[in-house]
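# sequence? don't have it. structure:
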DNA sequence: CGGCATCCCTAGCGATACTG
DNA sequence: CAGTATCGCTAGGGATGCCG
């Protein structure tokens, strides 16, 4: 999902810019998992049930490049790599919480609120 | 709130459910444009600079099916169709605003000419 | 353990032309 | 005006295998 130059208005729109960062099937779920603390690759792979290592690797790398999370490697055997949110990443919790709030109001099994 | 495995299930996690709704390149931008009031197909096509009629049509239809927006047709010549947000759609403004807020904090170098 | 490399496949999007 | 009908592309993602 990429905005081209023809979408100039949208390119400078903060909403669209944020959407770019959190788009992608797994991105938000990774960030949410990291809100509870530092995680290793394997932990994320297991908690994000069904994700392929390639996809997880790609998402982690792009999030690292965007400064949302921090990748910390340890020179050990077996190797250890820990992922944690940066301040820029932790700040996304606000977005996530508003999405959670919305999801609870409108999208859960309880249909009484749905119209 | 603690994040357990159940929260990662797409069927249960409100965050994932919300992400499903607002995913797609244009979805959020359509909703954003509708927050300012009722819009016609042509208006959206022009304000969403670069969108193809096919894509706009698809997005509008799926958003209608999800109950986020309302499609109202008028038996006139030339035909008129008006799109507006439902309550479920207007409620997404909270998510959009938190995204806008985040985008302004972290993602915009130039804050002078933003939407 | 934490990944790349490789191959493949599909949803989503774009462009254009056409129609009720 | 408000869409469909085609066609084609490609980025994202899944599956599997291998390696330091």
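The structure has been received and is ready for your questions. On a predicted model such as this, the values are computed, not experimentally measured, just so you know.
# so what's the closest residue to residue A:108 other than its chain neighbours up against?
Leaving aside its chain neighbours, residue A:108 sits nearest to residue B:14 (6.2 Å; criterion: CB to CB, 6 or more residues apart in numbering or on different chains). All C-beta spots, glycine's among them, are computed from the backbone N, C-alpha and C. Contacts for residue B:14 (CB atoms under 8 Å, 6 or more residues apart in numbering or on different chains) come out as A:99, A:100, A:101, A:102, A:103, A:104, A:107, A:108.
# ok, which residues in chain A are in contact with DNA strand D?
Within chain A, the positions near DNA strand D by CB under 7 Å from any atom of the strand are A:1-2, A:24-26, A:50-55, A:58-59, A:78-79.
# redo that, cut-off 10 Å
Where chain A comes near DNA strand D, counting by CB under 10 Å from any atom of the strand, the residues are A:1-2, A:20, A:23-27, A:48, A:50-59, A:62, A:77-79, A:81.
# Name only those of those residues that count as buried.
A:20, A:23, A:24, A:26, A:27, A:48, A:51, A:56, A:59 (16 or more other CB atoms under 10 Å in any protein chain shown).
# What distance do you get for the third one to residue A:101?
This points to residue A:24. The gap separating residue A:24 from residue A:101 is 22 Å, by CB to CB, to the nearest Å.
# And the fourth one, by the same measure?
According to CB to CB, residue A:26 and residue A:101 sit 21 Å apart.
# Same question for the fifth one.
Taking CB to CB as the measure, residue A:27 falls 19 Å from residue A:101.
# same thing with the last one?
In this structure, residue A:59 and residue A:101 are 24 Å apart, going by CB to CB.
# Looking at the contacts of residue B:14, spot the one nearest DNA strand D.
Using CB to the nearest atom of the strand, residue A:99 is the member of the contacts of residue B:14 that sits closest to DNA strand D, with 16.2 Å.
# Which two of the contacts of residue B:14 have the greatest separation?
Farthest-apart pair in the contacts of residue B:14 is A:99 and A:108; separation 12.8 Å (CB to CB).
# Mind pulling the model confidence for the residue nearest to residue A:108?
The model reports residue B:14 with a pLDDT of 90.
# next one: residue A:7
Residue A:7 is given a pLDDT of 41.
# For the closest residue to DNA strand D within chain A, give its distance to DNA strand C.
Closest to DNA strand D within chain A is residue A:25: 2.9 Å, counting by CB to the nearest atom of the strand. Computed as CB to the nearest atom of the strand, to the nearest Å, the residue A:25 to DNA strand C distance reads 10 Å.
# try residue A:96
Residue A:96 is 21 Å from DNA strand C, by CB to the nearest atom of the strand.
# next one: residue A:44
8 Å.
# any idea of the mean pLDDT for the host helix or strand of residue A:103?
Secondary structure from DSSP states H and E places residue A:103 in helix A:93-106. Helix A:93-106 shows an average pLDDT of 94 in the prediction.
# Give me the sheet partners of the host helix or strand of residue A:72 and which way each runs.
Assigned by DSSP H and E, residue A:72 falls within strand A:69-74. Partner strands for strand A:69-74, per DSSP bridges, with pairing direction: strand A:80-85 (antiparallel).
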